[in-house]
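J.: Need a 3D model of the sequence below.
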Amino acid sequence: MRKTPYQVVIVGGGISGLATSYAIMEEAEKTQTAVQCTVVERDPRWGGKILTHVTDKYLIEGGPDSFLTSKPWALELCRTLGLQDQLISTNSQHNQTFSFCRGALRELPQGLLAFRPRRVDTLVSSGLLSWGGMLRMAAERFWPRRNPWPADESMGEFFRRRFGTEAFENLIEPLVAGIYAGDADELSIESTFPRFRELEREHGSVIKGMRKALGAAPAAPRSSGDTPTMFMSLRGGLGELIRTLVEALRRRGVDLIGGAECQEIQSPAPESGVFHVMLDNGDRLPADAVVLATPAYQTAQLLRVIQPEAASLLDGIPYASTATISMAYPPESIRSQIRGFGFVVPRKEQRPLLAATWTSLKWPDRSRAGETLIRCYIGGRGRESVLEQDDDSLVECVRGELTSLVGITTAPTYTEVYRWKQGMPQYVLGHRDRLAKLQEQLAHSPGLYVTGAGMYGIGIPDCIREATRVGKQLLQDYAAHHSAKKS
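T.: Residues are numbered from 1 along each chain as shown. Model (predicted):
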């Protein structure tokens, strides 16, 4: 019988690394397995791209501002951590999103990418498509399936093929850019929206498949007293999820090492089976298992010596850079110029702005009464040159965009800029095959695991789901290995 705890070291203290640690400790408690878990993060701050800054006047999200409720894993973790009373929905009275099209902001059909076909019918009144574009989109129900069936295709190719070029450019592409900060002609439909492909394969039509799925769709989750919405957040910002998660890990005895960078992973000697994680502060951490929850390019660097084939595969996952610029305006100074939650900008417009969110209209209690808080999203694949400017120039760039697109000329009274260099993984064509080959290579290194946003989903729920899977798999592998040794 093993007398010392199973030593697990997790490199990366974003939501993926923290959720992996939580899943490991949960599974260890259920299986009565003695585990000592250590999480290493090079920054002194935990949470990665989840960054909430609270002042006496504003609550500003530097990274994501919410999570999708149709994917349950973030909601489940919030409830498990006792945060159910802190969950908030978007303001239902402002439930509109717009796209800048033909020189004006035009309303997008709600739920377009969430398989809610009754919302697609509002296209007639949106003004986003010409009559010809609407007829082409409606003809998707009768459009033949692709034959032969491709192993993969780009998002752009898929959506143009099924719905027509006009619907793709005005409706779908700007939403995709807002989610992935990517180029739809590079991104894989199989790795981003596989459900669309499944609907075409199963029903011969995406729209037919969505209509059939609608009746079986589960009811949207409700927060205490709030109207259910597609996206939810926490009253104190998403940073509350990280703070509560860190506290829960510390209570369970997890060793959290912040401000220390992993420089090298040394593969185990055959007789010991123990890895060594080398930190820049000189520490040498022994580990029976190592989980790398860092961006793919950083994980590749750490695997270069011990797993060169895996490192090469991870190097093939490109990343895009973005920035968020939050700006506050005096009470009522621009309120008449904005409505809904904000707007997205199609790539064909060739503008540096990807999207803008009217934060104080979308979420409650994000700014002082009467003040308007706006968050703008810039950069992304093919539009990253704008990020070469300094912060003041970025603010002026965004102000110019808001003047041009919305007519806002008032100067903000407060600004914050957050840059995310190589912050958005791009699931380009062949991504799924790349991950399958990666898992084959990792199978040659028992005790070594990889997770993170660069793998199976960039959203917070996807990261939590994959982290939970890896955490459980790690302990299952450990149990199977020791059962085999005993027999």
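J.: CA atoms for contacts and neighbours, from now on please.
T.: Will do.
J.: can you give me how far the helix or strand where Leu475 lies is from the chain middle?
T.: Using DSSP states H and E, the element containing Leu475 is helix 460-486. Here helix 460-486 shows a centroid-to-chain-centroid distance of 22 Å under the convention Cα atoms, centre = their mean, to the nearest Å.
J.: Okay, buried residues for it please.
T.: The neighbour-count check on helix 460-486 (16 or more other Cα atoms under 10 Å) flags 460-475, 478 as buried.
J.: Next: stretch 394-403.
T.: Leu394, Val395, Cys397, Val398, Arg399, Glu401, Leu402.
J.: Stretch 80-100 now?
T.: 83-84, 86-92, 96-100.
J.: OK, contacts around Ala184?
T.: Ser154, Met155, Gly156, Glu173, Val176, Ala177 (Cα atoms under 8 Å, 6 or more residues apart in numbering).
J.: Let's see that with 10 Å instead.
T.: For Ala184, the contacting residues are 154-159, 168-169, 172-174, 176-177, 347, 381, 426-428, by Cα atoms under 10 Å, 6 or more residues apart in numbering.
J.: same thing with Leu105?
T.: Thr97, Phe98, Ser99, Ser126, Gly127, Leu128, Gly342, Phe343, Val344, Val345, Leu405, Val406.
J.: Check for me that it belongs to a strand.
T.: Yes - counting by DSSP: H, G, I helix; E, B strand; the rest coil, Leu105 falls inside a strand.
J.: from memory Ile50 sits against Ile60, does it?
T.: No - here Ile50 lies out of contact with Ile60, judged by Cα atoms under 10 Å, at a distance of 11.0 Å.
J.: List the residues that are in contact with both of these two.
T.: Gly237.
J.: Compare those two (neighbour count), which wins?
T.: Neighbour count, other Cα atoms under 10 Å: between Ile50 and Ile60, Ile60 has more, with 25 against 21.
J.: In three-state terms, label the nearest residue to the more buried one once chain neighbours are set aside for me.
T.: Ranked by Cα to Cα, 6 or more residues apart in numbering and with sequence neighbours excluded, the top spatial neighbour of Ile60 is His53, at 5.2 Å. When classified by three-state DSSP, His53 comes out as strand.
J.: ok, now which ones touch His53?
T.: Going by Cα under 10 Å, 6+ apart, the list of residues near His53 reads Leu59, Ile60, Glu61, Gly62, Gly236, Gly237, Leu238, Gly239, Glu416.
J.: what's the closest of the residues you listed to Glu200?
T.: Leu238 (35.7 Å; Cα to Cα).
J.: Test my guess that that closest one contacts Gly48.
T.: No - here Leu238 lies out of contact with Gly48, judged by Cα under 10 Å, at a distance of 11.5 Å.
J.: When these two are compared, which one has more neighbours?
T.: Applying other Cα under 10 Å to Leu238 and Gly48 shows that Leu238 carries more neighbours, namely 23 against 18.
J.: would you list every one of the helices in the stretch 51-200 of the chain?
T.: According to DSSP state H, counting those that start in this stretch, the stretch 51-200 of the chain carries its helices in the segments 73-80, 117-120, 123-126, 131-138, 155-163, 165-167, 173-180, 189-192, 194-203.
J.: cool, and the stretch 251-400 of the chain?
T.: Under DSSP H, counting those that start in this stretch, the stretch 251-400 of the chain gives helices at 296-303, 308-315, 359-362, 391-406.
J.: tell me the most buried of these?
T.: Burial of these is given as mean neighbour count (mean count of other Cα atoms under 10 Å); helix 359-362 ranks first at a mean of 24.
J.: Could you point out which residue ranges in this structure have low pLDDT?
T.: 1-3, 111-126, 214-228, 482-487 (pLDDT under 70).
J.: Which residue is the nearest non-sequential neighbour of Ile189?
T.: Met155 is the one closest to Ile189 (Cα to Cα, 6+ apart), at 4.7 Å.
J.: if I read this right, the one you found contacts Leu175, doesn't it?
T.: No - assessed by Cα under 10 Å, Met155 is found out of contact with Leu175, at 11.9 Å.
J.: so which of the helices of the stretch 51-200 of the chain is the most packed in?
T.: helix 189-192 (a mean of 23).
J.: Pull the distance from it to the chain's centre.
T.: 14 Å.
J.: Would you mind pulling the contact partners of it?
T.: By Cα under 10 Å, 6+ apart, helix 189-192 touches 151-159, 176, 180, 195-198, 426-433, 455-458.
J.: rerun at 8 Å
T.: Contacts of helix 189-192 (Cα under 8 Å, 6+ apart): Asp152, Glu153, Ser154, Met155, Phe158, Arg197, Tyr427, Leu429, His431, Arg432, Tyr456, Gly457.
J.: same thing with stretch 236-246?
T.: 15, 18-19, 22, 46-47, 50-52, 59-61, 64-66, 78, 81, 83, 86, 234.
J.: And the host helix or strand of Glu29, what does it pack against?
T.: Element membership for Glu29, per DSSP H and E: helix 15-31. With contacts defined as 3 or more Cα pairs under 8 Å, 6 or more residues apart in numbering; DSSP states H and E, helix 15-31 has these neighbours: strand 6-11, strand 35-41, helix 239-251, helix 460-486.
J.: Let me have these in a markdown table, adding distance to Trp363 as columns.
T.: As requested, the helices and strands packed on helix 15-31 are exported to a markdown table (distance: least, Cα to Cα, whole Å):
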| stretch | distance to Trp363 |
| --- | --- |
| strand 6-11 | 33 |
| strand 35-41 | 31 |
| helix 239-251 | 15 |
| helix 460-486 | 18 |
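J.: and Trp358, which of the ones you listed is closest to it?
T.: That would be helix 239-251 among the helices and strands packed on helix 15-31, by Cα to Cα, at 19.8 Å.
J.: Just the CA atoms of that closest one, as CSV, please.
T.: The C-alpha trace of helix 239-251 is given here as CSV (Å, rounded to 0.1, in the frame of the first residue of the first chain):
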residue,chain,number,x,y,z
GLY,A,239,-13.5,37.2,-10.5
GLU,A,240,-15.8,36.0,-7.7
LEU,A,241,-15.7,32.5,-9.3
ILE,A,242,-11.9,32.5,-9.2
ARG,A,243,-11.7,33.9,-5.7
THR,A,244,-14.2,31.3,-4.4
LEU,A,245,-12.5,28.5,-6.2
VAL,A,246,-9.1,29.5,-4.9
GLU,A,247,-10.5,29.6,-1.3
ALA,A,248,-12.1,26.2,-1.8
LEU,A,249,-8.8,24.7,-3.0
ARG,A,250,-6.8,26.1,-0.1
ARG,A,251,-9.3,24.6,2.3
